[in-house]
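# What shape does this take:
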Amino acid sequence: MEFTVHHQVLAAVFVIAAVLGAIVSKTNFCTMGAVSDWINMGDTGRMRAWLLAMAVAIAGVAGLEAGGLIQLSGDTFPPYRTANFGWLRYLAGGALFGIGMTLASGCGNKTLVRVGGGNLKSLVVLAIAAFMAYLMLWTPFYENFFHPWVSATTVDLSRHGVNGQELGAVASGVFGLEASRGLNAVLGALVALCLLAYVFSSAEFRGSFDNVLGGAAVGLAVLAGWYLTGGPLGQAWKEYAEFATQVPSRVQVQSYTFISPMGDTVRWLLSPGNTALVNFGVMALAGVIAGSFIHALITRSFRIEWFVSGKDFANHAVGGVMMGVGGVLSMGCTVGQAITGMSTLAIGSLLTFLAIVGGAAATMKYQYWRMMQEA
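Coordinates of the predicted model:
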């Protein structure tokens, strides 16, 4: 079989994801854990690591766009910078995902890492979340239950003179400025510098090698995904797809996200002979699991873990449902929106990030209250 540019892209996606999975496993980078540490113990170490990942990705995208090396205002997956501003879907989906990841003991990325480390509870969560994501993406489920109110509350920014929801476009429309790559680059640099100043203002964080490594690695992985699909190789990839006899799935400018790819993986598994369905997201999921598995074997940390009770199973099952539905509804997860989406400076990504943190924090507070009531 010929090793085409399509195979090159998918192989690169897998390798980057495997490295990401190993580093996340090693450093315990965890967005749900970041909220938990902050809410329950006042420890902001892992939250700063999350913000560091955002800062690295934002700064990198600003630089690549300013240099004309990538263009993210076109047909990306998901369409982060779309002028269709579905504010309610971002808030509702983000809150659902935040509650779900708390009940399921981890976000989409962490679920994959735990699967690689032998956690069968996370395997169950993955199966449920993937099935729900499949329903949302590839069946009438979304159209019947979500599309009516999502479409009714979506604001078309272009009707108000704003061509997209990234900060540069919004600033141009509101203040009458000329939209340009330079404006986006300046705003991206300012946002990244503010985040970096906050992140490294903590001496404790600066002294934590794992937190710095975890945040930097996740941010760089997201940046690598953007360059891989939006740079010269990505252009050759799209040209290949245009003339392919069997058109590959999701040949678009994109980077790492982990909920919609779960639905795409189910779609492929239902027709495993159709290799055109093996796309960026499917390879990303496989890569993270593989990287975590290799790390677990090398460090001898591979452990089989199962549910301790029926209540534990129910919490994780409900969490998986909410993650799958919420992640697709909000068009991303704690990586897909809160890092990859944030790197595009999309306002919807910021809303989703805040909703995820709010949903997770409220769930943790409720769980603590219930624990005190039962004590």
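
# contacts, neighbours, all on C-alpha from now
OK.

# where does Cys302 land in three-state SS?
You called it Cys, but residue 302 is Phe. Three-state call for Phe302 (DSSP: H, G, I helix; E, B strand; the rest coil): coil.

# where does it fall, phi/psi-wise?
phi -70, psi 120 (degrees, to the nearest 10).

# Taking the centroid of this protein, which residue is nearest it?
Closest to where the C-alpha atoms of the chain average out (CA atoms, centre = their mean) is Gly336, at 1.8 Å.

# Strands along the chain, start to end?
Ranges of strands in the chain, per DSSP state E, are 76-77, 84-85, 155-156, 253-254.

# Contacts for the second one, please.
It stands for strand 84-85. 154-157, 164-165, 348 (CA atoms under 8 Å, 6 or more residues apart in numbering).

# Name only those of these that count as buried.
155-157, 164-165, 348 (16 or more other CA atoms under 10 Å).

# Just checking, which helix or strand of the chain averages the lowest pLDDT?
helix 167-175 (a mean of 86; mean pLDDT, DSSP states H and E).

# and that one, which residues are buried?
For helix 167-175, burial by neighbour count (16+ other CA under 10 Å) applies to 167-173.

# Determine which two of these are furthest apart.
By the measure CA to CA, Leu167 and Gly173 form the most distant pair in these, at 9.9 Å.

# Tell me which residues are up against stretch 166-175.
Outside stretch 166-175, the residues that touch it by CA under 8 Å, 6+ apart are 81, 160-164, 177-180, 183-184, 187, 344-347.

# Likewise for stretch 185-202?
Residues contacting stretch 185-202 (CA under 8 Å, 6+ apart): 48-49, 51-52, 54-56, 58-59, 61-63, 65-66, 167-168, 205-206, 345.

# In helices, which of those residues fall?
Secondary structure from DSSP state H places 48-49, 51-52, 54-56, 58-59, 61-63, 65-66, 167-168, 205-206 of those in helices.

# so where's the stretch 151-300 of the chain shaky on pLDDT?
Applying pLDDT under 70 to the stretch 151-300 of the chain picks out residues 178-181.

# Okay, helices next: where are they in it?
167-175, 181-199, 203-206, 209-230, 232-243, 260-270, 280-298 (DSSP state H, counting those that start in this stretch).

# next one: the stretch 1-150 of the chain
Under DSSP H, counting those that start in this stretch, the stretch 1-150 of the chain gives helices at 5-27, 31-36, 45-66, 87-103, 108-116, 120-138, 141-145, 147-153.

# Please produce JSON lines containing the buried ones among the contacts of strand 84-85, extended by distance to Ala276.
Putting the buried ones among the contacts of strand 84-85 into JSON lines (distance: CA to CA, whole Å) gives the following:
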{"residue": "Val155", "distance to Ala276": "35"}
{"residue": "Asp156", "distance to Ala276": "34"}
{"residue": "Leu157", "distance to Ala276": "35"}
{"residue": "Gly164", "distance to Ala276": "31"}
{"residue": "Gln165", "distance to Ala276": "32"}
{"residue": "Gly348", "distance to Ala276": "31"}
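
# quick check, nearest of those residues to Thr44?
Distance to Thr44, by CA to CA, is smallest for Gly348 among the buried ones among the contacts of strand 84-85, at 24.2 Å.

# how about the closest one, what does it touch?
Contact partners of Gly348, counting by CA under 8 Å, 6+ apart, are 80, 85-87, 90, 165.

# Likewise for Leu228?
By CA under 8 Å, 6+ apart, the contact list for Leu228 reads 9, 234.

# follow-up on the earlier one: please identify which of the helices of the stretch 151-300 of the chain is closest to Gly358.
With CA to CA as the criterion, Gly358 lies closest to helix 181-199 of the helices of the stretch 151-300 of the chain, at 19.3 Å.

# and the angle for the closest one with helix 167-175?
110 degrees (axes from the mean of the first three to the mean of the last three CA atoms, to 10 degrees).

# Could the C-alpha coordinates of helix 181-199 be exported in PDB?
Output of helix 181-199 as PDB, limited to C-alpha atoms (Å, rounded to 0.1, in the frame of the first residue of the first chain):
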ATOM      1  CA  ARG A 181      -3.500  39.200  11.100                       C
ATOM      2  CA  GLY A 182      -1.400  41.800  13.000                       C
ATOM      3  CA  LEU A 183      -4.300  42.700  15.300                       C
ATOM      4  CA  ASN A 184      -5.000  39.100  16.100                       C
ATOM      5  CA  ALA A 185      -1.200  38.600  16.800                       C
ATOM      6  CA  VAL A 186      -1.000  41.600  19.100                       C
ATOM      7  CA  LEU A 187      -4.100  40.500  21.100                       C
ATOM      8  CA  GLY A 188      -2.900  36.900  21.200                       C
ATOM      9  CA  ALA A 189       0.500  38.100  22.500                       C
ATOM     10  CA  LEU A 190      -1.100  40.300  25.200                       C
ATOM     11  CA  VAL A 191      -3.400  37.500  26.400                       C
ATOM     12  CA  ALA A 192      -0.600  35.000  26.500                       C
ATOM     13  CA  LEU A 193       1.700  37.400  28.400                       C
ATOM     14  CA  CYS A 194      -1.000  38.100  31.000                       C
ATOM     15  CA  LEU A 195      -1.600  34.300  31.500                       C
ATOM     16  CA  LEU A 196       2.200  33.600  31.700                       C
ATOM     17  CA  ALA A 197       2.600  36.500  34.200                       C
ATOM     18  CA  TYR A 198       0.000  35.000  36.400                       C
ATOM     19  CA  VAL A 199       1.100  31.400  36.000                       C
END
